[in-house]
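> this one's sequence-less:
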């Protein structure tokens, strides 16, 4: 039985998914590095800044675009 070769579109889809996963991890890692600085600058607690970041990302995912990945 002959096997069917994968098309180039499947490779493109997998590459784009991989890129998106790396971009999301980079955003979360960037915010985790900036969290202590933001906490000191705004003189607030950590959970307030974390909640703000979660709301920004949540609205971005609901709308189909994360505004933080458009950098």
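Structure's in. What do you need? For clarity, every value in this text was computed on a predicted model and none was experimentally measured.

> quick one: low-confidence ranges for the protein?
Counting by pLDDT under 70, the chain has low-confidence residues at 1-2, 60-61, 63-71.

> top helix in it by residue count?
Here the longest helix in the chain is taken by residue count, with DSSP state H as the criterion, and it is helix 8-42.

> helices or strands next to that one in the packing?
Helices and strands touching helix 8-42, by 3 or more Cβ pairs under 8 Å, 6 or more residues apart in numbering; DSSP states H and E, are helix 46-63. Using the backbone N, CA and C atoms, a C-beta is placed for each residue, glycine as well.

> what helices and strands are in contact with the helix it packs on?
On a contact count with 3+ Cβ pairs under 8 Å, 6+ apart, helix 46-63 meets helix 8-42.

> next, the angle helix 46-63 makes with the helix it packs on.
Inter-element angle recorded for helix 8-42 and helix 46-63: 150 degrees (by axes from the mean of the first three to the mean of the last three Cα atoms, to 10 degrees).

> what does stretch 38-49 contact?
Stretch 38-49 is touched from outside by residue 35, with contacts defined as Cβ atoms under 8 Å, 6 or more residues apart in numbering.

> ok, back up a step: buried residues in the longest helix of the chain?
Within helix 8-42, the residues that count as buried by 16 or more other Cβ atoms under 10 Å are 27, 31, 38.
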